[in-house]
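J.: Sequence and predicted structure, then a few things I'm wondering about:
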Amino acid sequence: MTAEEALAEAARLVEQGWNQGAYARDLSETQVCLVGAIRKALTGTVRITSALSNCDMTYTTALKAIADELHPALTIEWNDTLGRTKEEVATALRNAKRFLPQETSQA
């Protein structure tokens, strides 16, 4: 999976179930935050597992792109800001692809 695909899938996951203040609201991980959605897109879980190490470069690239999109806000704090909506989070994830290195954004 490319970083662009991970961001798109994370946006879809946020639209299905988004939360604030935790990576996942419940054990079934049906509600995810911005960072948790990227993890789940790449590994199938929001938890830090050995599967994430297999995706380190893609995960790092996706996180850098979303951080550039939200600059200067801190990603986790931005997600958790009172009044934030899942639509804003999904849009930010989709818009972050403009900050991906050219070769990373191509499938």
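T.: Received it, and whenever you're ready, just let me know what you need. Numbering: from 1, shown residues only.

J.: Next, the contact list for the residue nearest the centre of the chain, please.
T.: Centroid-nearest residue in the chain, with Cα atoms, centre = their mean: Ile38, separated by 3.2 Å. Ile38 sits next to Ala6, Leu7, Ala10, Tyr59, Ala62, Leu63, Ile66, Leu93 when contact means Cβ atoms under 8 Å, 6 or more residues apart in numbering. The way it works is simple: take the backbone N, C-alpha and C, and place the C-beta from them, glycine included.

J.: Of those residues - the most surrounded one?
T.: Greatest neighbour count in the contacts of Ile38, by other Cβ atoms under 10 Å, goes to Ala62: 31 neighbours.

J.: Can you classify it by secondary structure?
T.: Going by DSSP: H, G, I helix; E, B strand; the rest coil, the secondary structure assigned to Ala62 is helix.

J.: what's the closest non-adjacent residue to it?
T.: Spatially, and ignoring its direct neighbours in sequence, Ala62 is nearest to Ala3 (4.4 Å; Cβ to Cβ, 6 or more residues apart in numbering).
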